[in-house]
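Visitor: generate coordinates for the sequence data below:
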Amino acid sequence: MKKLDKYEILEEIGRGGFGAVYRARDTELGRVVALKIIRNVPTDEAAFVKRFQQEARTAAGLNHPNIAPVYDFGDADGALYLAMALIGEGRTLRDLLAEHAPLPLEQALPILSPLADALDYLHRREPPLTHRDIKPANVLLGGAEDNLWVVLADFGLVRLQDATSAKLTKSGAILGTPAYMAPEQADSKRWGDVTPLTDVYALGVIAYETLTGRVPFGGELPAVLHAHAYDLPPAPLEIAPHLGDDLNDVLLRALTKPPSERYPSAGALVAALREVTDARTEAAQRETTLEQLETQAQKLLKDGEWLEAFDCCTRMMRLDPGRPATLEMLTAAKQGLDRQQAEEVKRRRLAELYQQGLQLLEEKNWEQAISALEEVVKGNPDFRDAQENLAQARDELQRARRYDEAIAHAEAEDWAAACRAWVSVLRGRIGYRDGDAAKRLLDAVEGLLGRYEQASAALPLYDGLLVTIKKEDWAKTAELSEKLLQLKPDLGYPQAWLAHARAELERQQEQGQNRAVWEQDGKEMVCVPAGQFLYGDEKKEMELPEFWIDKTPVTSGEYARFVAAAGHEPPEHWKGDVPPQETADHPVTYVSWNDAAAYAEWAGKRLPTEEEWEKAARGSDGRKYPWGNDWQEGRCNTKETGIGATTPVGQYSPDGDSPYGCADVAGNVWEWMVSEHEKGGRVLRGGSWYSDANAVRCAFRSRLAPFASNDDVGFRCVSPVSLS
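Guide: Purely as a prediction, here's the structure:
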């Protein structure tokens, strides 16, 4: 067992340049201390001993919870010793950093803050004290990890800021640890004497190391001293990008070369670090609040609580005015409020209109009542009372009109129409039960009128049928026969002629009697005979002279012959004047109305009017599709097929052909018409591969600017010249 003076040496707990520190027991007082023993006393022993004794007395006079108390000092067996409080079994900040560096700021502050308190205590004394050897090895750590007791120790280099103490320091001697030395310690001629700001610099180095995991300058002694005196420290962000600009700036200010540009005290440095933490905490809290408000606003928007959502978004705007999600939700809330306000205005207006409608009903002003109530029902289709009152107004107006019609027909001596109108008036006015005499009488009168009107309507159709049979106009014969059968389905005479006419039309089509080849472009055309047909969704009767129309849309191969012969600009997706080989028999696309008109002029034809095209597509009977009134998949190329592109012309023949043998008039490509659209541009007909079933109806219309082109727009031509 070793012993020095009254101290029993238990174990070594640290070693440095001047000596070692031991865990020892005071044999007189029985307490365990940290005993620092200096054996290598310098050559100027007397001066060194005097300085040691003075600084030991100074340290012993300090009283601060974060400064290690000095119990005793002396000399024995040729060595100097200093007895201090043993903190945490000798564990230091150097040990902690070796295991866990870098530390997050929130973990570093509980260490740096008490260390700064200790330094400020030293620096505020009269005269001020400067430690001059602030480093992790001199920062003792006691207590648990989550409740550290931080103590500054080793005042072997502490310096009184007066002339007396200066005489005790050997001129030119390097006092301190190089990695933590301030510029004035490395080159006093350049940066001046050691002051309390020297310790602030060292505290900045410790903060730098704690937060980045490394000291600003490392290496051999001369290089480190030169770097502290003359080189800029590496930016902390370069070592630890997560630190952020704010923390980077604080650390670099603590390490400025001129002492006057550093933080004025250790506490000011820690306060700057704490401001960073506070700002980040505030930002995190603000972000948490924003996220909570955003979740709340999203729910309110979903539930249609527009006013509450708007208030929530306004609070978010105050916290972060530039947040895109906030702006988006604020806009949605504002739009919802606007809609809500508009709906309220609409509701009040509909209520006023409804009251007006009821008043007009009382006044028997049926037309204005209907107008008001129709607007109410249109604005609120579920308003049952408005619907019932509207139905009543319409019934009353209908009865009034029937009465006027009966009078007008009687004045015109149209007795059948007058009787029917009068029966309608009577049905509305006479109250009766099913089966009574009044009802039977009216039913009998209507039955007689029906038979009379049926016979009257059939007479001109019979006359026309005799003429068309004589002319062998089988298309018109079929049309008139169908109309007669619609009047009375059990008529045998029209049934026979309808079957004969259809057979003749099929025979003509098979023999090609209604087909010819156009000389200029070599394209097959079909004949559409003169006569009446039903046009548009309203099925208005129209009449056209005979004309011929291309059986199929113009193909890419046919258009290529025109491009070569006329020197016309080819479609944009062609390679030169040649279309893609795989689409040569497909309808040509990416052609404008101007391109189509130029082709027609070159071929000696023209583009069809929409009336001509519609008759060629639907025949004379007003059918919905070229093949009939029911939609049938597999008869044309539309969106429903899933092909997603054009197909060869005629691929769906004969199932998809019109009554006159026109192919591809439904789907594949829209077709340019010569007709102008009332809203501008030129009319398009027929739908395309991209269209649904509604758009390929024979009566459906669309439009496009004449200079525009698309991948689903083509054309076919017509000729008014007979090719029979």
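Visitor: tell me the buried residues in the longest helix along the chain?
Guide: The longest helix of the chain (DSSP state H) is helix 324-362. Buried residues in helix 324-362, defined by neighbour count with 16 or more other C-beta atoms under 10 Å: 326, 329-330, 332-333, 336, 350, 353-354, 356-358, 360-361. All C-beta spots, glycine's among them, are computed from the backbone N, C-alpha and C.
Visitor: which of those scores worst on pLDDT?
Guide: Checked by pLDDT, the buried residues of helix 324-362 have Thr326 as the lowest-scoring entry (84).
Visitor: distance check, that one against Ala333.
Guide: According to C-beta to C-beta, to the nearest Å, Thr326 and Ala333 sit 10 Å apart.
Visitor: same check on Thr27?
Guide: To Ala333, Thr27 is 80 Å away according to C-beta to C-beta.
Visitor: mind checking how far the residue of the chain most remote from its centre is from Asp521?
Guide: Outermost residue of the chain with respect to the C-alpha centroid, by C-alpha atoms, centre = their mean, is Asp77; its distance is 82.8 Å. In this view, Asp77 and Asp521 are 125 Å apart by C-beta to C-beta.
Visitor: which strand residues bridge Cys92?
Guide: Just so we're on the same page, residue 92 is Thr rather than Cys. Beta bridges link Thr92 to Leu140, judged by DSSP bridges.
Visitor: shaky segments in the stretch 151-300 of the chain?
Guide: Along the stretch 151-300 of the chain, the parts satisfying pLDDT under 70 run over 155-176.
Visitor: now the helices for it?
Guide: For the stretch 151-300 of the chain, helices defined by DSSP state H, counting those that start in this stretch occupy the ranges 163-167, 183-186, 188-191, 196-212, 221-230, 236-239, 244-254, 266-302.
Visitor: export these to a markdown table and tack on distance to Asp72 and mean neighbour count?
Guide: Output for the helices of the stretch 151-300 of the chain, formatted as a markdown table (distance: least, C-beta to C-beta, whole Å; neighbours: other C-beta atoms under 10 Å):
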| stretch | distance to Asp72 | mean neighbour count |
| --- | --- | --- |
| helix 163-167 | 22 | 12 |
| helix 183-186 | 29 | 22 |
| helix 188-191 | 34 | 13 |
| helix 196-212 | 26 | 25 |
| helix 221-230 | 33 | 16 |
| helix 236-239 | 42 | 17 |
| helix 244-254 | 36 | 18 |
| helix 266-302 | 28 | 16 |
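Visitor: Ser709: which of those is closest?
Guide: helix 266-302 (43.0 Å; C-beta to C-beta).
Visitor: coming back round to it: just how off-centre is the longest helix of the chain within its chain?
Guide: The chain centroid and the centroid of helix 324-362 are separated by 28 Å under C-alpha atoms, centre = their mean, to the nearest Å.
Visitor: wait, Gly218 sits on Asp231?
Guide: No - Gly218 is beyond contact range of Asp231, at 11.9 Å (criterion: C-beta atoms under 8 Å).
Visitor: who has more neighbours, these two?
Guide: When Gly218 and Asp231 are compared for neighbours, Asp231 comes out ahead with 14 against 11, by other C-beta atoms under 10 Å.
Visitor: against Gly219, how distant is that one?
Guide: 11 Å.
Visitor: check which residues of the helix or strand following the longest helix of the chain are buried.
Guide: Next along the chain after helix 324-362, taking DSSP states H and E as the criterion, comes helix 366-379. Neighbour-count burial for helix 366-379, counted by 16+ other C-beta under 10 Å, picks out 366, 369-370, 372-377, 379.
Visitor: next: stretch 485-502.
Guide: The neighbour-count check on stretch 485-502 (16+ other C-beta under 10 Å) flags 494, 497-498, 501-502 as buried.
Visitor: could you dump those into CSV with secondary structure, pLDDT and distance to Ala400 added?
Guide: Putting the buried residues of stretch 485-502 into CSV (DSSP: H, G, I helix; E, B strand; the rest coil; pLDDT from 0 to 100; distance: C-beta to C-beta, whole Å) gives the following:
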residue, secondary structure, pLDDT, distance to Ala400
Pro494, helix, 76, 39
Trp497, helix, 77, 44
Leu498, helix, 74, 42
Ala501, helix, 73, 45
Arg502, helix, 75, 47
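Visitor: mind picking the two most distant members of those residues?
Guide: Pro494 and Arg502 (12.3 Å).
Visitor: burial of the nearest residue to Leu152 once chain neighbours are set aside, as a residue count?
Guide: In space, and not counting its chain neighbours, Leu152 is closest to Ala118: 4.3 Å by C-beta to C-beta, 6 or more residues apart in numbering. Look at Ala118: counted by other C-beta under 10 Å, it has 24 neighbours.
Visitor: now do the helices in the stretch 351-500 of the chain.
Guide: Ranges of helices in the stretch 351-500 of the chain, per DSSP H, counting those that start in this stretch, are 366-379, 384-411, 415-429, 437-471, 474-487, 492-511.
Visitor: next, the angle helix 366-379 makes with the second one.
Guide: Okay, so that is helix 384-411. 140 degrees (axes from the mean of the first three to the mean of the last three C-alpha atoms, to 10 degrees).
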